[in-house]
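> What follows is a protein structure lacking sequence information:
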């Protein structure tokens, strides 16, 4: 009986080295850790996503911590990108055991990832790749004990984000629509006021921060076009702009960091609420793809209108509470900075267009958006 062929000496190490080398090249093309892991998982499945995370962890060992952007480190932490294996030259064997498969499957996964990485398109560079020392906007976040707003280039205070996340989590889990509406309104008001405080501080100190930055937000099927429309509407209402990369399944949102925090949190919550509202639609027609697509598109358009109205009201309220401070020129300058950044990064984009074919779905989505209470219940202290 013949024995199975043994791997050639060094094969375990040579295969992962091919992936890590391609990861290094990906950084120069504008890709970030979360982008690569999601792309691998979307294309080849969850195992490929886990191996891509490992390849990133291995590649990141080449850089000193001081040369890695704060936003980059945040993604690595969220992904859990750590070198868990004992030795590089036994990585494939250890990976196969960890994932309940064999060495040949592990080697095939490496080959697939290498081919995927070598075919990556160029993306817009949103932050410095590893090896650069330029501080990011995220480096200006206040400490956990500081509740004052930071300069306009800084991200939202962690305490504010924690409060907003808690409110939105309760809104998504409650069985009572009135309670969900009140919690969502409170969360939106908290983020909107915090963002305006950033702009107010800039007006008082003359510090405008580092300018707009970009983040990529995943957009998944089904009904990806309607979800992208909803994200764009939320972005517009929060002084940001969004560009959809359909083939890769994400939107790039540009804006000031605190505003981007608001967009990400509100979009995630509104998407949950829109999906829940759609699930409560009854009748045979409500189960059709055309109805559901029209419902979500209409929901996004109407929510955007209501968010814009609420944002305008919040600005007038803040201006009235701070006599002697001219907030409008500061906000106008921020709007111009975001528009200029969008034009420079995506000159081919002229606007968002989406056609729908189901009038009933459109009207139902509009009604659901109208039922979402986005008005403030009480002033934020």
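That came in fine, so what should we check first? Quantities reported herein were computed from a predicted structural model and do not represent experimental measurements.
> Endpoint to endpoint, stretch 275-294 covers what distance?
13 Å (C-alpha to C-alpha, to the nearest Å).
> which parts of that stretch are buried?
277-278, 281, 286, 291-294 (16 or more other C-beta atoms under 10 Å). To be clear about C-beta, it is placed using only N, CA and C from the backbone, and glycine gets the same treatment.
> Let's have those in a markdown table, adding distance to residue 73, secondary structure and pLDDT.
Shown next, in a markdown table, are these (distance: C-beta to C-beta, whole Å; DSSP: H, G, I helix; E, B strand; the rest coil; pLDDT from 0 to 100):
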| residue | distance to residue 73 | secondary structure | pLDDT |
| --- | --- | --- | --- |
| 277 | 37 | helix | 80 |
| 278 | 37 | helix | 83 |
| 281 | 43 | coil | 79 |
| 286 | 45 | helix | 74 |
| 291 | 44 | helix | 86 |
| 292 | 39 | helix | 86 |
| 293 | 38 | helix | 86 |
| 294 | 42 | helix | 87 |
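> Tell me the one of these nearest residue 307?
residue 277 (16.3 Å; C-beta to C-beta).
> Out of the buried residues of stretch 275-294, which two are the most distant from each other?
Greatest spatial distance among these (C-beta to C-beta): 277 and 293, at 14.4 Å.
> what helix or strand is the closest residue to residue 65 other than its chain neighbours on?
Sequence neighbours aside, residue 73 is the residue nearest to residue 65 in space, at 7.7 Å (criterion: C-beta to C-beta, 6 or more residues apart in numbering). Counting by DSSP states H and E, the element that carries residue 73 is helix 70-79.
> For the helix or strand just after that helix, name the packing helices and strands.
Next helix or strand after helix 70-79 toward the C-terminus (DSSP H and E): helix 91-98. With contacts taken as 3 or more C-beta pairs under 8 Å, 6 or more residues apart in numbering; DSSP states H and E, helix 91-98 sits against helix 11-28, helix 46-60, helix 103-118.
> Distance of the closest residue in space to residue 331 that isn't next to it in sequence relative to residue 330?
The shortest distance from residue 331 to any non-neighbouring residue, by C-beta to C-beta, 6+ apart, is to residue 199 (5.9 Å). Relative to residue 330, residue 199 is positioned 5 Å away (C-beta to C-beta, to the nearest Å).
> These two: which has the busier surroundings?
A count of neighbours by other C-beta atoms under 10 Å puts residue 199 above the other of residue 199 and residue 330, at 24 against 21.
> show me what contacts that one?
152, 327, 330-331, 334 (C-beta atoms under 8 Å, 6 or more residues apart in numbering).
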